[in-house]
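In: sequence first, then the predicted structure, then my questions.
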Amino acid sequence: MLKGFFNVPAPINEPILGYAPGSKERELLKAALADARSKQIEIPMYIGVEEVHTEVKGKVTPPHDHQHVLGKYSIGNKNHVKQAIDAALAAKADWENLAWEHRAAIFLKAADLIAGPYRYKLNAATMLGQSKNAYQAEIDSACELIDFLRFNVSYMAEIYKQQPPVSPKGSWNRVEQRPLEGFVFALTPFNFTAIAGNLPTSAAMMGNVVVWKPADTQIFAANVLMQIFREAGLPDGVINLVYVDGPEAGEVIFSHPDFAGIHFTGSTAVFQNIWKTIGNNIHKFKTYPRIVGETGGKDFILVHGSAEPEISSTAIIRGAFEYQGQKCSAASRVYVSKTVWPEIKDLMIRDLATFKMGGTEDFSNFINAVIDEKSFNKLAKYIDEAKQDKSVEIIAGGNYDKSKGYFIEPTVLVVKDPKYTTMCEELFGPVLTIYVYEDKDFDKVLDIIDTTSIYALTGAVIAQDRYAIEKATQRLRNAAGNFYINDKCTGAVVGQQPFGGARGSGTNDKAGSMINLLRWVSPRTIKETFDPPKDYRYPFLG
């Protein structure tokens, strides 16, 4: 076997295409959308070498056009989960023994396939299946996933390069990074195709084998991801994709002796239940499983009296309403100084009035549908309750309609109570709540922000006063894992802002960083002595 200390290509962030009228990328994306809408596809599970079809089917429909069927996917059961585990374990020895640079090459090729021939197919699948507009799909399913793959390969190489700095005379100390002993379960959400791609591949990149279960509402794009991974040369069985009810899958996975870890993004309640189940079953496992999870957020923007109104208004409406507020990082509670509120309010109402809402195929629509009827009904309930509450003022939106798609109008509530329900509970939709505070109460508001929510994912402060910025940065240091100064609280970029939060928001293992990849290896220290002692006696015994 050839040997060498290999340098991987230096990663750079994938350029974001603009999709302006008349551009080549707009034309190609429109064609991909039309092609995907023109047919119904059968989506299999991918288990080992097989594409598995079952008689029980689920439908894939665009959230913004729920009567149109894009395809049907095969619904699995416990037996399929067992088959996926068996296929993963069967592939494990060959995969972990493959030279790391060949693993790297597979995922670098996948990145290039997404950047090139699959870009528009994957973006179109995300736009249709998850109701993302062209820009939101581009920064997600194209750019962020490409960045995850390329930067993670670079981080992997850095991890392997890290060695003990000291080897005393007559010995050599070294460290090898082993894959986990068993299989990893990747449980991925609907809202980011990049997360759906990153959670299984980051573990697989480090030599692990994976059972992957995506959210049902992301299956359309997940299917394209598996096509890409296969074309990139990923061996059968390394990543196995199943569509099985969550509790049913968990019953098999969290009782299996070879369960070695979970890579999760989803709700806090589900994650806590998984953690509890793993704890109860800890005696069943060959090794202590790695538990890595990013969960919810109740993300804040704090606007100081010194803030510039236009900067504040733009940060608020982008942070709250891009992708219909369905980002873990989306702004959902805002605290605004009374001094600047009147101007910010006018600017927000002006800009919100220009928002167009509708299907993703019409590129003039900024707002699209929420993901499904369950989400729609939940959001409509909170809006109706706000309408009935005399202490709440609705200054924008408040309407909704699910006759064609699950459309919730971007809605802004202004409350008198900073602990009002929608200031505390995660809604995951285009409903923003604002509390206007007296300028003299800035310190009190810092305490309110820090104690209102169980979450600690993202937050932002907008101010010109550097003393106020410093104070907020220090006092809110545990309130957000990703903190922004004079910007919206969304938009973390791989290689620039590693993403993750603590408290109820997860284990803060920072997706898009070396920190995350270190969770998927188990180091072994090796000491080799060249001239070992031949007498047990130490000098002090003389």
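Out: Okay, I see it.

In: please name the nearest non-neighbouring residue to Ile146.
Out: What sits nearest to Ile146 in space, not counting adjacent residues and going by CB to CB, 6 or more residues apart in numbering, is Glu14, at 4.2 Å. Yep, even glycine has a C-beta here, placed from its N, CA and C like the rest.

In: show me where the stretch 201-350 of the chain dips below the pLDDT cut-off.
Out: Scanning the stretch 201-350 of the chain for pLDDT under 70 picks out no residues.

In: tell me where it has strands.
Out: 209-214, 239-241, 259-265, 290-294, 299-303, 331-337 (DSSP state E, counting those that start in this stretch).

In: same deal with the stretch 351-500 of the chain?
Out: 392-396, 400-401, 407-408, 411-415, 431-437, 455-456, 458-462, 482-485.

In: now do the fifth one against strand 411-415, angle only.
Out: Orientation note: strand 431-437 sits at an angle of 30 degrees relative to strand 411-415 (axes from the mean of the first three to the mean of the last three CA atoms, to 10 degrees).

In: how about the first one?
Out: Relative orientation of strand 392-396 with respect to strand 411-415: 150 degrees, computed using the same axes, to 10 degrees.

In: re the thing from before, quick check: which of the strands of the stretch 351-500 of the chain is buried the most?
Out: strand 458-462 (a mean of 30; mean count of other CB atoms under 10 Å).

In: can you name every helix or strand that that strand contacts?
Out: Applying 3 or more CB pairs under 8 Å, 6 or more residues apart in numbering; DSSP states H and E, one finds that strand 458-462 contacts strand 299-303, helix 309-321, helix 466-475, strand 482-485.

In: next, give phi and psi for Ala215.
Out: The phi and psi values for Ala215, taken as degrees, to the nearest 10, are phi -60, psi 140.

In: check contacts around it.
Out: Listed by CB atoms under 8 Å, 6 or more residues apart in numbering, the contact set of Ala215 reads 188-190, 196, 266.

In: so which of those residues is the closest to Lys82?
Out: Of all the contacts of Ala215, Thr188 has the smallest distance to Lys82: 20.4 Å, by CB to CB.

In: coming back round to it: which one of the helices and strands packed on strand 458-462 lies closest to Val175?
Out: Closest to Val175 of the helices and strands packed on strand 458-462 is strand 482-485 (CB to CB; 30.4 Å).

In: now the element after that closest one, going C-ward?
Out: Next helix or strand after strand 482-485 toward the C-terminus (DSSP states H and E): strand 502-503.

In: next helix or strand past that following strand?
Out: Using DSSP H and E, the first helix or strand after strand 502-503 is helix 514-518.

In: which one (most neighbours) among the contacts of Ala215?
Out: Ala196 (29 neighbours; other CB atoms under 10 Å).

In: okay, that one: pLDDT?
Out: With respect to pLDDT, Ala196 scores 98.

In: ok, it - contacts?
Out: 188-189, 214-215, 218, 221-222, 225.

In: tell me what angle the host helix or strand of it forms with strand 259-265.
Out: For Ala196, the host element (DSSP H and E) is helix 193-205. Angle, helix 193-205 to strand 259-265, by the same axes, to 10 degrees: 160 degrees.

In: output helix 193-205 as CSV, nothing but the C-alphas.
Out: As requested, the backbone C-alpha atoms of helix 193-205 are provided in CSV (Å, rounded to 0.1, in the frame of the first residue of the first chain):
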residue,chain,number,x,y,z
THR,A,193,-31.0,19.5,3.9
ALA,A,194,-27.4,20.4,4.9
ILE,A,195,-28.0,19.0,8.4
ALA,A,196,-29.6,15.9,6.9
GLY,A,197,-26.4,15.4,4.9
ASN,A,198,-24.0,16.4,7.6
LEU,A,199,-25.2,14.3,10.5
PRO,A,200,-24.5,10.9,8.8
THR,A,201,-21.5,11.9,6.8
SER,A,202,-19.5,13.5,9.6
ALA,A,203,-19.7,10.3,11.6
ALA,A,204,-19.0,8.2,8.4
MET,A,205,-16.0,10.3,7.5
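
In: give me the angle between that helix and strand 290-294.
Out: 160 degrees.

In: just send the strands of the stretch 201-350 of the chain back as JSON lines, with distance to Asp346 and mean neighbour count too.
Out: Below are the strands of the stretch 201-350 of the chain laid out as JSON lines (distance: least, CB to CB, whole Å; neighbours: other CB atoms under 10 Å):
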{"stretch": "strand 209-214", "distance to Asp346": "42", "mean neighbour count": "28"}
{"stretch": "strand 239-241", "distance to Asp346": "49", "mean neighbour count": "28"}
{"stretch": "strand 259-265", "distance to Asp346": "37", "mean neighbour count": "25"}
{"stretch": "strand 290-294", "distance to Asp346": "36", "mean neighbour count": "23"}
{"stretch": "strand 299-303", "distance to Asp346": "14", "mean neighbour count": "29"}
{"stretch": "strand 331-337", "distance to Asp346": "13", "mean neighbour count": "26"}
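
In: what's the closest of the ones you listed to Tyr135?
Out: Comparing the strands of the stretch 201-350 of the chain by CB to CB, strand 331-337 comes nearest, at 17.8 Å.

In: partners of that closest one, with directions?
Out: Using DSSP bridges, the strands paired with strand 331-337 are strand 299-303 (parallel), strand 431-437 (parallel).
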